[in-house]
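Asker: when you get a sec, could you give me coordinates for this:
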Amino acid sequence: MKTCLLIDDDALYLSALKRSLERRGYRVETAMTSVEAIAAATAHAPDFALVDLKLAEDSGLDLVGPLREAHAATRIVLVTGYASVATAVEAIKRGADHYLAKPTTVDAILRAIGEKEGAEPEPEDTMTPLSRLEWEHIQQAMIDSQGNISAAARLLGMHRRSLQRKLAKKPGRERRSPDELD
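Answerer: Below is the predicted model:
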């Protein structure tokens, strides 16, 4: 049985991903801080580690080296809701094996570590509709401004009333192409 280490400061995301991987036959260890992550990697020698880029007060980039030192054969995948070319390049330079944008699927994660057919994640697994990305960006601004709509609007560089209209329209489910409906 393969072991994986999930490192994320979002408890809900962590538990959902843990359940999904356990259903697929993986033994899953979780960590919410850098200290917990290094201790778990040393104790369990995971086959792969899924590391969130933005941990509470730390950066997942800073964990790549210590995880590699703890167990050199561990495949390290960095995931983030704030994907950029700069952080992807930095992650690979520091020794990460792959970089994925959130939200991602378990299939995309398993493809990224080479556990599933197709070495690379398929575009539909990694591409998120623009409306969904905008919604998540707005939600992050709301969290950062502690629910204050005026402060969130300033963070986003938009008028408060425009933000209120966007908040009233939560994006629906993504549309499927006609061949997927069969």
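
Asker: all strands of this structure, in order?
Answerer: 3-7, 27-31, 48-52, 75-80, 98-101 (DSSP state E).

Asker: in the fourth one, what's buried?
Answerer: For strand 75-80, a neighbour-count test (16 or more other Cβ atoms under 10 Å) marks 75-80 as buried. Quick note: C-beta positions are derived from backbone N, CA and C, even for glycine.

Asker: so which residues make contact with that strand?
Answerer: Outside strand 75-80, the residues within contact range by Cβ atoms under 8 Å, 6 or more residues apart in numbering are 8, 47-54, 60-61, 64, 67-68, 87, 91, 95-102, 104, 109, 112-114.

Asker: circling back: need the strands of the chain in TSV (columns: distance to residue 168 and mean pLDDT).
Answerer: Compiled in TSV, the strands of the chain are given as follows (distance: least, Cβ to Cβ, whole Å; pLDDT from 0 to 100):
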stretch	distance to residue 168	mean pLDDT
strand 3-7	34	90
strand 27-31	35	91
strand 48-52	30	90
strand 75-80	28	89
strand 98-101	26	86
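
Asker: shaky segments in the protein?
Answerer: Low-confidence segments of the chain (pLDDT under 70): 115-130, 132-133, 170-182.

Asker: so which residue is dead centre in this protein?
Answerer: For the chain, the residue nearest the mean C-alpha position is residue 79 (3.6 Å; Cα atoms, centre = their mean).

Asker: roughly how far apart are it and residue 150?
Answerer: Computed as Cβ to Cβ, to the nearest Å, the residue 79 to residue 150 distance reads 32 Å.

Asker: could you measure the residue in the chain sticking out farthest from the centre against residue 73, distance?
Answerer: Here the chain reaches farthest from its C-alpha mean at residue 161, the gap being 30.6 Å by Cα atoms, centre = their mean. Per Cβ to Cβ, residue 161 is found 54 Å from residue 73.

Asker: what does residue 91 give?
Answerer: 18 Å.

Asker: you'd agree residue 163 is up against residue 156?
Answerer: Yes: counting by Cβ atoms under 8 Å, residue 156 is a contact partner of residue 163 at 6.6 Å.

Asker: joint contacts of those two?
Answerer: Joint contacts of residue 163 and residue 156 (Cβ under 8 Å, 6+ apart) are residue 138.
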